[in-house]
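Colleague: sharing a sequence plus its predicted fold:
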Amino acid sequence: MLGRVARNANLAKSVRQFSAAAASNSFKLPDLKYDFGALEPSISATIMEIHYTKHHQTYVNNLNATLEKYADAEAKGDVAGMIALQGAIKFNGGGHVNHTLFWENLGPNGGGEPTGEIADAINKKW
């Protein structure tokens, strides 16, 4: 139960950050709470750095660029242009949100056995 509350609080925090950034068209990578090498040997520092600085950054860059284009289309009253950009906003915005949750859910002190309802469901199935 407490784990679910904590996850919901993290999700609510991410949604608030996303909404604030959307209002200003200024999305950025979240600050990591651990070093790229903190998850070794499970995930290498190189993979983490590339994933964060290249892959996730691309979602952020594309989201910001698309939101600028959307604002221009909106200012011109170009409804067709606005509609055409919605897919890129959803794709890049979704990629940014998913990766932000990814970074928040990883950590060097994580792991262990599941507990509560999820453990019960896993044990029942397997």
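Modeller: Noted; the coordinates are in hand.

Colleague: from here on, just use CA atoms for contacts and neighbour counts.
Modeller: Will do.

Colleague: separation between the residue nearest to residue 88 when sequence neighbours are not counted and residue 43?
Modeller: Distance criterion C-alpha to C-alpha, 6 or more residues apart in numbering; nearest residue to residue 88, sequence neighbours excluded, is residue 66 at 6.9 Å. Look at residue 66 and residue 43: by C-alpha to C-alpha, to the nearest Å, they are 32 Å apart.

Colleague: of these two, which one has the most company?
Modeller: Taking neighbours as other C-alpha atoms under 10 Å, residue 66 and residue 43 compare with residue 66 leading, 21 against 12.

Colleague: next up, phi/psi of that one, please.
Modeller: Main-chain torsions, residue 66, degrees, to the nearest 10: phi -70, psi -40.

Colleague: so who does it touch?
Modeller: Shown in contact with residue 66 (C-alpha atoms under 8 Å, 6 or more residues apart in numbering): 85, 88-89.

Colleague: mind putting the residues you listed in TSV, distance to residue 51, neighbour count and secondary structure included?
Modeller: Output for the contacts of residue 66, formatted as TSV (distance: C-alpha to C-alpha, whole Å; neighbours: other C-alpha atoms under 10 Å; DSSP: H, G, I helix; E, B strand; the rest coil):
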residue	distance to residue 51	neighbour count	secondary structure
85	25	16	helix
88	20	16	helix
89	20	19	helix
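
Colleague: closest one of the residues you listed to residue 109?
Modeller: The nearest member of these to residue 109, counting by C-alpha to C-alpha, is residue 89 at 33.9 Å.
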